[in-house]
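K.L.:
Please work out how this folds:
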Amino acid sequence: MRPVMPRIIRGKRPGPRRDASTVPLPVSYHRRVAAGDRRDAWTLLTSHGHVLVEIVRNPQARIRDLGAAAGITERATAAIIADLEATGYVTRTKVGRRNHYAVDLDRGFRHTSQRDLRVGPFLALLTAAPAPLGDEVLD
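P.N.:
Numbers count the residues shown, from 1 in each chain. Okay, the predicted model is just below:
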């Protein structure tokens with residue numbers, strides 16, 4: 001008599017059985033933040049804001065460089081640039097094999113409470129060289 005082999009379903013080998021007490025439950029984002037295992041829970045600027053600042057700093061940068069400076073993936077950076085182009089904040093010009101970006105500094109913010117403010121002064125503030133420590137004036 002031949003030994004009975006366990007049936008393999010879709011290329012998976014049978015593993016040890018787990019009961020409900022050994023199956024790890026997904027932990028929510030808020031519990032991770034509360035537990036402190038999240039390094040940076042949030043930043044002041046969104047990823048769109050970070051990419052826009054990096055484009056102003058270096059309009060001839062590659063998507064790879066913009067993403068690295070903003071701390072996001074190339075794919076996310078490309079999607080954000082497409083969003084910024086679609087809304088008119090950025091225009092892309094092909095120069096040889098590279099893209100050069102131009103930012104419309106007269107565009108208003110998208111949020112209704114800042115719609116009358118222009119992005120140019122805000123981006124100028126974020127891209128300015130930082131003042132040396134000790135030279136700042138506090139009121």
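K.L.:
The protein: strands as residue ranges?
P.N.:
Remark: strands assigned in the chain by DSSP state E are 90-95, 98-103.
K.L.:
Throw the ones you listed into TSV and include distance to residue 68, mean neighbour count and mean pLDDT, thanks.
P.N.:
Every C-beta, even on glycine, is put in place using the N, C-alpha and C of the backbone. TSV is the format used below for the strands of the chain (distance: least, CB to CB, whole Å; neighbours: other CB atoms under 10 Å; pLDDT from 0 to 100):
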stretch	distance to residue 68	mean neighbour count	mean pLDDT
strand 90-95	18	12	95
strand 98-103	16	15	95
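K.L.:
Same list, those strands, but as a markdown table with distance to residue 44 please.
P.N.:
Below are those laid out as a markdown table (distance: least, CB to CB, whole Å):
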| stretch | distance to residue 44 |
| --- | --- |
| strand 90-95 | 21 |
| strand 98-103 | 19 |
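K.L.:
burial measure for residue 107, as a count.
P.N.:
With neighbours defined by other CB atoms under 10 Å, the count for residue 107 comes to 15.
K.L.:
no, scratch that, I was asking about residue 42
P.N.:
7.
K.L.:
sorry, back to before: out of the strands of the chain, which is closest to residue 65?
P.N.:
With CB to CB as the criterion, residue 65 lies closest to strand 98-103 of these, at 11.1 Å.
K.L.:
what does the closest one contact?
P.N.:
With contacts defined as CB atoms under 8 Å, 6 or more residues apart in numbering, strand 98-103 is touched by 52, 55-56, 59-60, 62-63, 81, 89-94, 119, 123.
K.L.:
what angle do it and strand 90-95 make?
P.N.:
Counting by axes from the mean of the first three to the mean of the last three CA atoms, to 10 degrees, strand 98-103 lies at 150 degrees to strand 90-95.
K.L.:
Listing partners with orientation, what would you give for strand 98-103?
P.N.:
According to DSSP bridges, strand 98-103 forms sheet pairs with strand 90-95 (antiparallel).
K.L.:
Please list all residues in contact with residue 57.
P.N.:
Going by CB under 8 Å, 6+ apart, residue 57 touches 69, 127.
K.L.:
ok, now how distant is it from residue 44?
P.N.:
Look at residue 57 and residue 44: by CB to CB, to the nearest Å, they are 17 Å apart.
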